[in-house]
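Engineer: predicted coordinates and the sequence they were generated for:
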Amino acid sequence: MPELPEVETIARALRPELTGRKIVSVRLLWARTLATPSVAVFEKTIVGQSFVKIGRRAKYLQLELSSSNLFIHLRMSGDLAVKGNGYLPDKHDRLHLGLSDGGLLVFNDTRKFGRIWLVADPQEVIGGLGPEPLDPSFSAQMLYELLHRRRRQMKPLLLDQRFMAGLGNIYTDEALHFSGVHPLRLSDTISVSEAEKLLLAIRTVLQSGIEHNGASIDWVYRGGNFQNYFRVYGRAGQPCPVCGTPIQRIAVGQRGTHFCPTCQVM
DNA sequence: AGAAATACCCGTACGC
DNA sequence: TGCGTACGGGTATTTC
């Protein structure tokens, strides 16, 4: 499932494939995939532009074009790949971009949650995002200070992309367990040493996710295998890998939340 | 400020 | 077997 690591993986894979290639045709197969601008403007603007730079910000893929920015959010079931000649369209394809040398950039998204934007100013899409946990300049001290500027439960706060960008439901549960922080702890009760452990945990689970090419859950399988390394997510009733206590599952803000009642104390 | 609910999706898994 | 329903992910939006 496409949380941050998979986006990083896909960005890396697409970089050598797309850089320098030109878009010669566009076919939007599910109109609501396009968040902005209008379909007419999108189709007219994107054709003729070339891919300049491929990157990501949080869970957004950023495809920098000659004169605008194409952002793609994969959400749950989205996937982006370059196909060769003779590609047979899939029923869940949402966007086809024909490339100058005959290739096809395909955005496939079973659940229709994914969105794309074509904008001049990147800030329109990613302007409200919080800091990148993997950015080396982001420190535990900064995390501590941000946590103490709020008084919110840790689980929903870490999921809030304006607070910190890139953590989804799975990685949040894993990071909280890794650092021994209870999901219902209030953010301004976290100590400096806990903030240090938490940042390390966040980076560890994200990097592990990247190494394993993302997680595949819920029958949506696209090659990743981070799901085999979950310590708490989806393991309700099974023993905690650290202490053996059965993992508990509760709902926090409508989201399934998994934790070890022994390792993660209030 | 921020909590909470709702909407968006659809292929599964489940109960009857 | 077929039908109905709950579920899960991330984010925008609305309401409180």
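Structural biologist: Structure's in. What do you need?
Engineer: which residues touch the closest residue to A:Phe163 other than its chain neighbours?
Structural biologist: Among residues not flanking A:Phe163 along the chain, A:Gly130 sits closest, at 4.8 Å (CB to CB, 6 or more residues apart in numbering). Placement of C-beta: from N, CA and C, glycine included. By CB atoms under 8 Å, 6 or more residues apart in numbering, the residues touching A:Gly130 are A:146, A:160-165.
Engineer: so A:Leu158 touches A:Met164, yeah?
Structural biologist: Yes - contact criterion CB atoms under 8 Å: A:Leu158 and A:Met164 qualify, at 6.5 Å.
Engineer: what residue ranges in chain A score low on pLDDT?
Structural biologist: Along chain A, the parts satisfying pLDDT under 70 run over A:1-5, A:216-223.
Engineer: which parts of it are strands?
Structural biologist: A:23-28, A:34-36, A:51-57, A:60-65, A:69-73, A:78-83, A:93-99, A:104-109, A:115-119, A:248-252, A:255-259 (DSSP state E).
Engineer: quick check: which of these is nearest to DNA strand B?
Structural biologist: strand A:248-252 (7.8 Å; CB to the nearest atom of the strand).
Engineer: what is the nearest of the contacts of A:Gly130 to DNA strand C?
Structural biologist: Of the contacts of A:Gly130, the one sitting nearest to DNA strand C (CB to the nearest atom of the strand) turns out to be A:Gln161, at 4.4 Å.
Engineer: give the contact list for that closest one.
Structural biologist: A:58-59, A:128-130.
Engineer: give me the nearest residue to A:Ser66, chain neighbours excluded.
Structural biologist: Nearest to A:Ser66 is A:Gln49, by CB to CB, 6+ apart, at 4.5 Å.
Engineer: run a quick neighbour tally on that neighbour.
Structural biologist: Residues near A:Gln49, counting by other CB atoms under 10 Å, number 18.
Engineer: quick one: residues contacting it.
Structural biologist: Counting by CB under 8 Å, 6+ apart, A:Gln49 has contacts A:22-23, A:65-68.
Engineer: of those, keep whichever come out buried.
Structural biologist: Buried members of these, counted by 16 or more other CB atoms under 10 Å: A:23, A:65, A:68.
Engineer: before we move on, back to that, of the strands of chain A, which is nearest DNA strand C?
Structural biologist: strand A:255-259 (4.3 Å).
Engineer: other SSEs contacting the closest one?
Structural biologist: helix A:154-159, helix A:169-179, strand A:248-252 (3 or more CB pairs under 8 Å, 6 or more residues apart in numbering; DSSP states H and E).
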